[in-house]
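**Student:** Curious how this folds, go ahead:
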Amino acid sequence: MDQTARPLQIPPTFALYAEKHNLFDLYHDLISQLLIHKPADPVQFLIESLEKDNARVSTVMVLGPPASGKHTIGKMLAGRLRCPHLTMQNMIPEVDRKLRQKAEFYLAEKQNRLSIQDCNRKGWVMSGFPQTRDQAVALQTAGVIPDHVIFLEAKPTVLAERAIGKRWDPETGDIYHLVFDQPTDDDVLERLVECPGNSESEINERIREFEGRIIELAPCYSNVGLKVNADQPVADVFHHALEFVSSPRRSSAPRNPRVILIGPPGSGRDTQAALLAAKYGLVNLNCGQLIKQAISGETKAGGAMKNYVDRGMPVPDAILLKLLKERLCQLDCVTRGWVLHGYPRTRGQAEQLADAGFQPNRSPRRSSAPRNPRVILIGPPGSGRDTQAALLAAKYGLVNLNCGQLIKQAISGETKAGGAMKNYVDRGMPVPDAILLKLLKERLCQLDCVTRGWVLHGYPRTRGQAEQLADAGFQPNRLYDPPTDAQVKERLVQHPRDTEAEVNRRLSRYSTFREELRDFYASKSLSLDVNCDQDVETVFETLESHIVSPLPKNFD
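**Tutor:** As a prediction, the model looks like this:
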């Protein structure tokens, strides 16, 4: 087919159907099972697999040293995920402790346990196994591959103190602690027995053994593992663990993002669209640019739109939709994904776009929610920094921070920092950056700066100072930098689109349809609010994290 004469167009419903029914993940799972089980009749095996419940279940391992709480966290996760909790005791209850140390026996028995129907249907949480790299490799060879592995960590002294109070219920295999986790049932409390091997010397020896094994074991699950500090309340450890297992495993399916950026004038849609397109190779579709290209190309659609544009009238939805459909069906949009901005502007346009099969898989809405401004004013002497800082502080209730005044206050207050600075000021020498940064950090961390925002002037004066300030976490969301060249300053004019009347008109038009657009995409669970009153990089990172990451699971 001649691409120049008739470009290839692919119906958008193809990709939508594949994503809706998780076809890529289904094929991946089926091929994986074929390679693991190697059935004599692959076709019949695939048929039987498709007839089963193919919902992707959670498979979790909780590993950690003795007394780290791996069984407690495993039990809590299993309860929340509504799946079996597998431990050495409940998988092999009839063998004694010495036999349990034989990895070959473990592997055979555990593989059988993991093939039981409730594990296949509900998933599983396994605590305390595997213990060595050989066991992990054998499990992987047998097809037992977890989605998430939690590595609990704590100092040996903390673990030893915990181990002394551990008790075991011989009937259920549950682990309790006399101080931190007592059973609520008196009958259970009476039958608790001391866990064997928990003397101080024994527990230290077991901890050393674990530390030696985990060095080789951890890399087996590095791509699905998370380290969690176990030296904190159980509720906090469980929260971190649940948050981790709630994130779906990364799909190997080709992912072509389809993103719609909606926001008022000045929200940075064009900037963020360009950043997303550049980093992920998406097709950057600006509705206004598409209209201009169609008109300049003297196409049939362009001719129809030119009549409206010349008269300052909005282009009818039907013409716009046809233009977008032709562009979104082209091969580059289908294979690379796209980011669309400037359309839709109304709920009707959004519905027409969805009915045509162009449904975004992420639709971030740029929020105009207010923030506590963090402003840095930079300019030469006589540029009016102090005056503008005072005006901004007065109008918006910001904390007015003049670096020179802060130095004088510290010196007059006879503080330790003030004494150090006085030596330099008296000799007419600049105060070292390290002392200045410490002074600013203490001031910017005070409650009024955090809750009200601030405007800083007189600092930074060099790139090094600016970098140190940013590294300390004080990144402005506004930076005022007037032109230093007089000729540049003289020829600066305001863009016609930026006049107060024009901006108010555009904001009013956006506000008219904002809520209906919000409701439309929110009803399809495709929307995301992003605060655009932040620096460009922060906004981009927020958009990026929600575009490339799958939605978390909900176990409620």
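
**Student:** So which other helices or strands are in contact with the longest helix along the chain?
**Tutor:** Among all segments of the chain classified by DSSP state H, the helix with the greatest residue count is helix 500-523. On a contact count with 3 or more C-beta pairs under 8 Å, 6 or more residues apart in numbering; DSSP states H and E, helix 500-523 meets helix 347-355, strand 363-367. Backbone N, C-alpha and C define where each C-beta goes, glycine included.

**Student:** got the buried residues for the longest one?
**Tutor:** The reference is to helix 347-355. The neighbour-count check on helix 347-355 (16 or more other C-beta atoms under 10 Å) flags Arg347, Gln349, Ala350, Gln352, Leu353, Ala354 as buried.

**Student:** Now render the residues you listed as TSV, adding distance to Ile207.
**Tutor:** TSV is the format used below for these (distance: C-beta to C-beta, whole Å):
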residue	distance to Ile207
Arg347	61
Gln349	63
Ala350	59
Gln352	64
Leu353	60
Ala354	58
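
**Student:** Show me which of these is closest to Arg311.
**Tutor:** Gln349 (20.4 Å; C-beta to C-beta).

**Student:** Go ahead and measure how far the helix or strand hosting Met305 is from the middle of the chain.
**Tutor:** Using DSSP states H and E, Met305 maps to helix 300-310. The gap between where helix 300-310 is centred and where its chain is centred comes out at 43 Å by C-alpha atoms, centre = their mean, to the nearest Å.

**Student:** Figure out how far whichever helix or strand comes after it is from the centre of its chain.
**Tutor:** Beyond helix 300-310 on the C-terminal side, the first helix or strand identified by DSSP H and E is helix 317-328. From the chain centre to the centre of helix 317-328 is a distance of 33 Å (C-alpha atoms, centre = their mean).

**Student:** packing partners for the helix or strand following helix 317-328?
**Tutor:** Once the chain leaves helix 317-328, the next helix or strand it forms, by DSSP H and E, is helix 331-336. Packing partners of helix 331-336 (3+ C-beta pairs under 8 Å, 6+ apart): strand 283-286.

**Student:** okay, the strand it packs on in CSV with CA atoms only?
**Tutor:** Extracted C-alpha coordinates of strand 283-286, given in CSV (Å, rounded to 0.1, in the frame of the first residue of the first chain):
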residue,chain,number,x,y,z
VAL,A,283,2.7,11.4,19.2
ASN,A,284,2.1,14.9,20.4
LEU,A,285,-1.3,16.0,19.2
ASN,A,286,-2.3,19.7,19.7
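
**Student:** got the contact list for whichever helix or strand comes after that strand?
**Tutor:** As assigned by DSSP H and E, the chain's next helix or strand after strand 283-286 is helix 287-296. Residues outside helix 287-296 that contact it (C-beta atoms under 8 Å, 6 or more residues apart in numbering): 301-303, 305-306, 309, 315, 320, 323-324, 327, 340-343.

**Student:** Out of the residues you listed, who's the most crowded?
**Tutor:** The member of the contacts of helix 287-296 that has the most neighbours, counting by other C-beta atoms under 10 Å, is Leu340 with 28 neighbours.

**Student:** Can I take it that that residue is in a helix?
**Tutor:** No - the assignment for Leu340, made by DSSP: H, G, I helix; E, B strand; the rest coil, is strand rather than a helix.

**Student:** surely Val530 meets Arg269?
**Tutor:** No - Val530 lies out of contact with Arg269 (C-beta atoms under 8 Å); the separation is 10.6 Å.

**Student:** hang on, the earlier thing: max pairwise distance over the contacts of helix 287-296: which two?
**Tutor:** Between any two of these (C-beta to C-beta), the greatest distance is 24.8 Å, for Gly303 and His341.

**Student:** Which pLDDT value does the model give Leu189?
**Tutor:** Note on Leu189: pLDDT of 83.

**Student:** Also Gly379?
**Tutor:** pLDDT, read off for Gly379, is 67.

**Student:** Just confirm Gln359 contacts Ile260, I think it does.
**Tutor:** No - in this structure, Gln359 is not within contact of Ile260 by C-beta under 8 Å, at 9.6 Å.

**Student:** Settle it for me: which of these two has more neighbours?
**Tutor:** Ile260 (28 against 20).

**Student:** Please identify the helix or strand for the more buried one.
**Tutor:** Using DSSP H and E, Ile260 falls in strand 258-261.

**Student:** which secondary structure elements does the helix or strand just after that strand contact?
**Tutor:** Next in sequence after strand 258-261, counting helices and strands by DSSP H and E, comes helix 269-280. When contacts are defined as 3+ C-beta pairs under 8 Å, 6+ apart, helix 269-280 sits against strand 258-261, strand 283-286, strand 338-341, helix 536-548.
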